[in-house]
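Chemist: One predicted model, sequence on top.
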Amino acid sequence: MRDVVMMSYGEAIRAALDDALAKFPEMLLIGEGVPDPKTIFGTTQGLREKYGAERVLDMPLAENGMTGICIGAALAGMRPVLVHQRIDFALLSVDQLVNNAAKWHYMFDGQQQVPLVIRVIIGRGWGQGPQHSQSLQAMFAQVPGLKVVMPTTAGDAYHFMLAAIADNNPVLFIEHRWLHHIQGEVDKHCPMAELSGAALLRQGTEITLAAFSHMSIEALKAATVLASYGIDAEVLDMRCVSPLDVESVAASLAKTGGKLVIADCAPELASTGHQLLSKLVLTHGHHLQQVPRLIAYPNHPVPTSHFVANHYYPGAEQIASAVLDMLDRSELTESVIGALQSDLPKDQPDRSFVGPF
Amino acid sequence: MRDVVMMSYGEAIRAALDDALAKFPEMLLIGEGVPDPKTIFGTTQGLREKYGAERVLDMPLAENGMTGICIGAALAGMRPVLVHQRIDFALLSVDQLVNNAAKWHYMFDGQQQVPLVIRVIIGRGWGQGPQHSQSLQAMFAQVPGLKVVMPTTAGDAYHFMLAAIADNNPVLFIEHRWLHHIQGEVDKHCPMAELSGAALLRQGTEITLAAFSHMSIEALKAATVLASYGIDAEVLDMRCVSPLDVESVAASLAKTGGKLVIADCAPELASTGHQLLSKLVLTHGHHLQQVPRLIAYPNHPVPTSHFVANHYYPGAEQIASAVLDMLDRSELTESVIGALQSDLPKDQPDRSFVGPF
Amino acid sequence: MTVMSPAPADLKHLYYQMLRIRRAEEAIARRYAEQQMRCPTHLCIGEEAIAVGVCAHLTAQDKVFSNHRGHGHYLAKGGDLPRLLAELYGYAEGCCGGRGGSMHLTDLEAGFVASTPIVGGTVPLAAGYAWAEQMKKSDAAQGSASVAGGRMPEATNVVVIFFGDGCFEEGVMHETLNFAVLKQLPLLFICENNQYSVMTPLAERQPKRDIYKIAAAHGLNTFSGDGNRADEVFQLAQSAVTNARNGLGPQFLELHTHRWPEHCGPNEDDDLGYRSAGELAEWKLRCPLLQTRQMLLGLQLSNDAELVQMDAQLTEEIEQAFAWALQGSRPTIDSMRQHLYA
Amino acid sequence: MTVMSPAPADLKHLYYQMLRIRRAEEAIARRYAEQQMRCPTHLCIGEEAIAVGVCAHLTAQDKVFSNHRGHGHYLAKGGDLPRLLAELYGYAEGCCGGRGGSMHLTDLEAGFVASTPIVGGTVPLAAGYAWAEQMKKSDAAQGSASVAGGRMPEATNVVVIFFGDGCFEEGVMHETLNFAVLKQLPLLFICENNQYSVMTPLAERQPKRDIYKIAAAHGLNTFSGDGNRADEVFQLAQSAVTNARNGLGPQFLELHTHRWPEHCGPNEDDDLGYRSAGELAEWKLRCPLLQTRQMLLGLQLSNDAELVQMDAQLTEEIEQAFAWALQGSRPTIDSMRQHLYA
Ligand SMILES: Cc1ncc(C[n+]2csc(CCOP(=O)(O)OP(=O)(O)O)c2C)c(N)n1
Ligand SMILES: Cc1ncc(C[n+]2csc(CCOP(=O)(O)OP(=O)(O)O)c2C)c(N)n1
Ligand SMILES: [Mg+2]
Ligand SMILES: [Mg+2]
C-alpha cells in the first residue's frame, strides 16, 4: 500500500517525531526551545500538547550535561531525542558523545545500549556567522560507534528520523536549515529504513555527482539545467555520512565512465569527500578514469557579512562548471551558468524565507 | 654552528619547554600534573623550581574552562602551553578549541590573536582502553584555524615545540606516548622551524611510505629490514597533520613510480590518510600508478585486554607485507615478517617501559 | 552595606548613557525591516541600566567581555557607535570588519575585548584575561619594588563579564567561578537575570533558588539587586569594582531585569504567549529610563527641557552614525580569505 | 539530625564488607607486580567505609555509577568478585569481557551499572538513569492509580553516583546538580573528598570553602562527615537514601577520607613527597577498618577469634576468586570486532 503525501522537509521531521512518540512510549523529545512557540522552526509543533510535558520538554543550557543525562536515560530504557538548534552547540557535548555514547555498547561488551538521537541543524545565511553556521559532519563521522546521517529529501527525513529513533545506537541526525522548506513526497507506509546507503536522485550516464545534504539540491539543479543542454549527469545523495556508501558511487562510476564530481557542504579540510574519494581509490581504484573534482567551502570560518558570505558558498554553478570542464564542454559554461544564475540573495534560500534562521 | 646532542624525545620536549620559558617571559606552562613529582612523564621536570610557581602550574580538573582561561590569557599577551596527559581529555574542551581558539583571529578580522599551545599525549598500551588511547588528530586537523603537529623524532619534538610556542596561533601539539623514550639527535642551533612540511626519514627509490607519528617508527623498521632484502623504500614522516604536506608525498611518488603505502596511527575512519590520498588524486592524480594501501587501526574503540589490544595495532609487519605485495615480492613476506617479529609484548614499547603510561 | 545615591552628575550620566543605548537600539529595530542589517540581532531594550551602571566605574584600561546581547555593553564601555552600525550592515568599516555582525563586537581602544554568541563562550576568556592582568601587575609590582623600594602596587585593572541567567546553567561557568576564586582574580561576574533563555522561562531550566548564592558558596563576594534601577546598579557595582581593584578577588552581581523585544530580532513578541499575561507590561512600568528620569526630575537635577534636548542630541548623533555607516564599503571577496592565521 | 549507632548486625556487616574490599585490593596489589593484570588500577585502600556505608542501604534494584577508583563501589554494591578479577586479567569471563579492565566495571544483576575513567563522565549518566527511574515510577503510579484507585505510589529506586573532590571541578557536575534539583531526582551524589586529584592537593585546585555548600546552594539536601567512620557514613547515608526514596529530591554527601596507595598502581608513594610529612601516617591511624574493629570489640559485638576467622574466610574467598579468574580464557581476535553497534 502506498500512501504518498507531499510535505516539506520540516513537516516530515515533525511527522516522524509525532509518529515515533506514538509508537515508542519510551521516547523523549528534549531540547532548548522544543516546546516554545517557535517549536524548532515548526518541527516540534503541537507535540507537547499531544504527548505531555514529561515527554516533550525544554532543558537547561547545558549541552554536555544534558547529553550525558540523555545517555543515562537511554541506558535505563528510554529513547531520548536531543535537539540542538545549531550543530555548533553540539561541540560543547563532544565529550559525552565521543567518550561515552559512541563507545558504551562496545566497551561494556555489548551488555548495554544507548538508543539516542542527537538532532542538529546546520545554519546558513542571514549572518549566522562563524559560530552558528559550521559544517561539522566529518568531525562526528570519523568516530567509530556513532552513526551520522544527513538526509536531503522530505521522504528520507521522515524515514531516517523514524529509523534513527528505532535504532539502538547513538545517531547524529543532521538537518541543513535550507532544506526545511523544500517540499517532497513522503510515503509513510514504507518499511523501516536502513540508516545506510546513498540515494539515487537522478539517473544519468555521463558523469556522477556525489553530493551531501543541501549540496544534493544544488547538484540536482545543475543536472537539470545540464540536461537541457544534452548532458546527462547522475546524482547520488550521500545521505549517510557514516557509514559512507562507497559501493553505490563505485557502481555509478562504472556506468558513467569513472567521471566524478563530489559536492560537499563543508570546508574542503572538513569534507567527507576526501574519505569518499580515498576509499574509491583504495577499494575501486580503476573506476576513476579522470581526475575527479571536489566542490567544497573554503577553509576558513564563515564571515558574517552577507557581501562576502554569499561567495563563501559554492552551488549549482560551480558544480555545473566542473562537469562541463571535465566533459570538455567548456564552451557551454557561460550559457549554463547564465541559466542557473538567480537574482536571489545568496543568504536566503528563497524570498519568502526571512528567518528565523 | 651545529651543536648536536643525543636525547630522548621526552627530554627534547623538556628542553624546548625550558628554553621557551627562558626566551618568552610571557609563557605559561599549565596542566594537571605539570609540577607534580611525576612531571608529565618527566617532561616538565625542574621547570617550576626554575621559573616559579606563577608560570609553571597545576590546574583544576576543568578542561573546557581552563582552555578558555588560557585563550583569555593569550588575548592579554601571554603564551600559555596547556598540557593534557591524554588527548582524550581534550574532547572536553572542543567547544573552546573550535568555537573560540581556532576562529578568534579570523572572526575579529585579525585584530586579536591567540598564541596558545595545547600539548596532548596519545596513550597506548598497558590497558589504557577505550577512553585513554584514542587517536583524534583527524578530528582536530579538519578545523580551519588550528595548526596540528605530531612530530616523531626528538629533533622535531624540540624544534616544533619551540616553534609552536613562538607561533601566534593555536597549535595542537600531539605526542605519541611510545615516542617519549626514543633517542634522537637535537641540534639546538637550527633556525626556528616552520610548522609545516613532511620530514624525509629515509631516502628510497622503489616505494613511498608516508607515515604519521609512531607509525613512522614502524615504517622505518619495515624499511630497514626490507633494505636488507634489497628493497629500497622511502619514508616520509607526516609530522604536520594540518597543514598537510601533500607536495612532498607527490614529489616522492614521482621518484618511486607512484607506489604508496600510508601508515597512520588512527582508526581507518579517522585517518588523515584519506585526506592525503584524496588530495594526491585531486591535485596530482597521475602520480598514483598503482592502487595504494592504507594501514590504519580497526574502526572500533581500543579494547583494554592486552590479549586483543595487541592485535588492534598494526605495525612494521603489516607495512612490510603491504610493500611486498605491491611490489609483487610476496615470496619474501614470510622471512621479512620473521625478521621483524619480536617477542616483546605489544602493549609495551620496550621491556624497560612498565609505566606510568 | 550603606546605599548612597549616586552624585547628581553620575545620575545624569547614567540616564544619558541609557537613553543613548535605548535610542540606538530603537533605531536599529526600526531599520532592521529594511533587510539590510542581515544578521541575528539581540536587542537589550529594557535592560540598559545594568551595562550603564557597571561600566560607569570602568576606565578604558579595564576590559569588558560580553555575549550575544552585546550592543548595550559595547556602547556603555565606550565602543564606537558608527562602527557598530557598520558592522550590522556587514561593511568593512564595521568594528569587526563585517565578519562578526551584531553577535561579534570588539573595540580594543575602548577596552571592549569581545562579545560572541556561543553561550558561556566568553566567560572563561574574561577570567583568563583577568589572570593575565593580575600576573602583569604582580610582575610590575616586583619590578617597581626593586626600583622604587617597596612602593605599594597600584590598583589593578579589572575585567567584567556580562552574561545571562541561561548562561549560568553552562558548566564552564562553574569551572570559571572556581578558578576565579582560587586565583582571587580582579574579575566581575555580572549576571543579567531576565528570567528567560530565548522563550524558556527560568522555572523550566533552574530550580527555585538564588543564582548569586551559588556564586557565594564558591567563595565570591556577591551582590544582588534590581537591575532596572540604574542608581542601585551603580552603587552595587561601585562596591564590587572597588573590591576587585583592591585585590579582594572576584565579585558576582545578580541583577534582575527583563527584556522587552523578542529574543532575537526587532519586534515585540508578547502575542506569542510565552510570558505570563501582564508580565511584560508590568516590567515596562519599571523601565530603567523612566525610573531614573523620575529621579532626575524629582530631585530637580534636571528638567524636561534639558532632557528633551538630550534626546534630540542623541537622535542626531545616531542619525549621523547611521549616515556614516551606510556609506561603508563592501568587504572584498579577496579579503574574505585573510586572517585565518596570525 | 539525631545520630544513632548502626545496629550491631549492621556494624558487623560494615566491617565485613570493608575487610573484604581491603583484602581484595591488597591481593590485587600483591599480584600486580606479576605484570599479568595489565591495566591502570586505582585502589581504594583507606577509603572503604564510604562505599560500604552507602551501599548498605541499597537494594539490587537501586543503581550505582562510579569512576576510575571503582573496585570498592563495585564490591560493596554486590558486584561479582571473580569476574572483577578476570576483568583485570583481560579474560573473556571478566565482567566487561576483558574490554574494560579495572577502569570499566559493570554488573547489571547487582545494579552496578558502570564505572568509567573520564573524570565526570558518569555523573550526568547517573542523573539520566535516575530521571528514567522517576518517569517509570510516575507512569506506574498513574497506571496503578487507575487500577487500584489512588494507592500510594511505592518508594522509588534510587541511583548513586560516587566521585572525587577533583571531579567536583568539572563543569558537568554543576550542570548535573542543576538538573537533579530541577527534576527532584532520586539521586545521591557521594563526594569522596580525599584531598587529592592524582598528586595535586586540593589547595592548588580549589579555594578554601566546603564542596557540599555549593551543592546546598544549588538546592540539594546536603550532609558532610567523616568518611573514615563507617558508622557515620552509614547513618548519614541512611537519611540521605530515605529522603531520596521518598521523593525529597537529590541528596549530596561530602565525605572526608584519604587514599593510602599511589593514585594509580599497587605501590606506596609517600616517598615522592607530594603529601605533607606525616599526613598519610596520621590518616592510617584513622583507618576505617581499625576504627570499626575497635568499636566492635569495645561494644563487645565481636571478638578477636571471630574477626580472625572472618579474615581467614575472606582470604579464602579471594584466593578462590583469583583461582577462578586465572583460569579465564583469552578473548578471541574475532570477538574484538563485535559489538560496535547494538
Ligand atoms: C552553547 C549555546 N547553546 C544555545 C545557544 C542558543 N541561544 C542563544 S542565546 C540563548 C539564550 C541565552 O539566555 P541568557 O543567557 O539568559 O541570555 P539572554 O538572551 O536572556 O540575555 C540561547 C539558548 C547558544 N547560542 N549557545
Ligand atoms: C577529564 C579527565 N581529566 C583528567 C583525567 C586524569 N585523571 C584520572 S583520575 C584523576 C584524579 C581525579 O581526582 P578525584 O576526582 O579527586 O578522584 P580520586 O582519584 O582522588 O579518587 C585525574 C586527573 C581524566 N581521567 N579525565
Ligand atoms: Mg536570560
Ligand atoms: Mg580526590
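Modeler: Cool, got the structure. Ligands and ions are numbered 1, 2, ... in the order given.
Chemist: Moving C-terminal from the longest strand along chain A, which element do we reach first?
Modeler: Ranked by residue count, the top strand of chain A under DSSP state E comes out as strand A:260-267. Counting by DSSP states H and E, the next helix or strand C-terminal to strand A:260-267 is helix A:272-284.
Chemist: Flag every buried residue along that next one.
Modeler: Neighbour-count burial for helix A:272-284 flags A:272-282, A:284 (criterion: 16 or more other CB atoms under 10 Å in any protein chain shown). In this view, the C-beta of every residue, glycine as well, is placed from N, C-alpha and C.
Chemist: Over to stretch C:18-36?
Modeler: C:18-29, C:31-32.
Chemist: quick one on the thing from earlier: let's have the buried residues of helix A:272-284 in TSV, adding pLDDT.
Modeler: Below are the buried residues of helix A:272-284 laid out as TSV (pLDDT from 0 to 100):
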residue	pLDDT
A:T272	98
A:G273	98
A:H274	98
A:Q275	98
A:L276	97
A:L277	97
A:S278	97
A:K279	97
A:L280	95
A:V281	95
A:L282	95
A:H284	88
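Chemist: Check chain C for the residue nearest ligand 3 and tell me.
Modeler: C:G164 (3.6 Å; CB to the ion).
Chemist: what about that residue, neighbour count?
Modeler: Look at C:G164: counted by other CB atoms under 10 Å in any protein chain shown, it has 25 neighbours.
Chemist: wait, it sits on C:N193?
Modeler: Yes. If you go by CB atoms under 8 Å, C:G164 and C:N193 touch, sitting 7.3 Å apart.
Chemist: Can you check which residues contact both of the two?
Modeler: Here C:G164 and C:N193 have no joint contacts, going by CB atoms under 8 Å, 6 or more residues apart in numbering or on different chains.
Chemist: Now do the contacts for the most centrally placed residue in chain C.
Modeler: By CA atoms, centre = their mean, the mean C-alpha position of chain C lies nearest to C:H73, the distance being 2.8 Å. Contact partners of C:H73, counting by CB under 8 Å, 6+ apart, are C:51, C:55, C:64, C:66, C:112, C:115, C:162.
Chemist: ok, 6 Å please
Modeler: Taking CB atoms under 6 Å, 6 or more residues apart in numbering or on different chains, we find C:H73 in contact with C:51, C:64, C:66, C:162.
Chemist: So C:G78: helix, strand or coil?
Modeler: coil (DSSP: H, G, I helix; E, B strand; the rest coil).
Chemist: What sits closest to it if chain neighbours are left out?
Modeler: C:A110 (3.9 Å; CB to CB, 6 or more residues apart in numbering or on different chains).
Chemist: residues contacting C:C264?
Modeler: C:40, C:42.
Chemist: And the one 10 residues further on, by the same measure?
Modeler: Taking CB under 6 Å, 6+ apart as the criterion, C:Y274 is in contact with A:37, C:199.
Chemist: quick revisit: next up, phi/psi of the residue nearest to the centre of chain C, please.
Modeler: Main-chain torsions, C:H73, degrees, to the nearest 10: phi -60, psi -40.
Chemist: try A:H176
Modeler: The phi/psi pair for A:H176 (degrees, to the nearest 10) is phi -90, psi 130.
Chemist: what about it, neighbour count?
Modeler: A:H176: 26 neighbours (other CB under 10 Å).
Chemist: ok, now C:M310?
Modeler: Using other CB under 10 Å: C:M310 sits among 16 other residues.
Chemist: Over to the one 10 residues further on?
Modeler: As a burial measure, C:Q320 scores 12 neighbours (other CB under 10 Å).
Chemist: What's the separation between the closest residue to A:V5 other than its chain neighbours and A:A16?
Modeler: If the residues on either side of it in the chain are set aside, A:V5 comes closest to A:V186, at 5.5 Å by CB to CB, 6+ apart. Between A:V186 and A:A16 the computed distance is 9 Å (CB to CB, to the nearest Å).
Chemist: Are there residues contacting both of those two? Which ones?
Modeler: A:Y158.
Chemist: Let me see the contact set for the residue in the stretch 1-150 of chain C that ligand 4 sits nearest to.
Modeler: Among the residues of the stretch 1-150 of chain C, C:P124 lies closest to ligand 4, at 22.9 Å counting by CB to the ion. When contacts are counted by CB under 6 Å, 6+ apart, C:P124 touches B:65, B:68-69, C:172, C:176.
Chemist: That one and A:G65, how far apart?
Modeler: In terms of CB to CB, C:P124 sits 17 Å off from A:G65.
Chemist: Tell me how many other residues crowd whichever residue of the stretch 151-300 of chain A sits closest to ligand 1.
Modeler: The minimum distance from the stretch 151-300 of chain A to ligand 1, using CB to the nearest ligand atom, falls at A:R177 (14.0 Å). For A:R177, the number of neighbouring residues by other CB under 10 Å comes to 24.
Chemist: That one contacts A:G125, doesn't it?
Modeler: No. A:R177 is beyond contact range of A:G125, at 7.5 Å (criterion: CB atoms under 6 Å).
Chemist: Give me the distance between the nearest residue to A:M27 once chain neighbours are set aside and chain D.
Modeler: The shortest distance from A:M27 to any non-neighbouring residue, by CB to CB, 6+ apart, is to A:R79 (4.4 Å). For A:R79, the distance to chain D equals 10 Å [CB to the nearest CB, to the nearest Å].
Chemist: what is the orientation angle of the helix or strand hosting A:L220 with helix A:272-284?
Modeler: Assessed by DSSP H and E, A:L220 sits inside helix A:214-228. Here helix A:214-228 runs at 70 degrees with respect to helix A:272-284, directions being taken by axes from the mean of the first three to the mean of the last three CA atoms, to 10 degrees.
Chemist: Perfect, that will be all.
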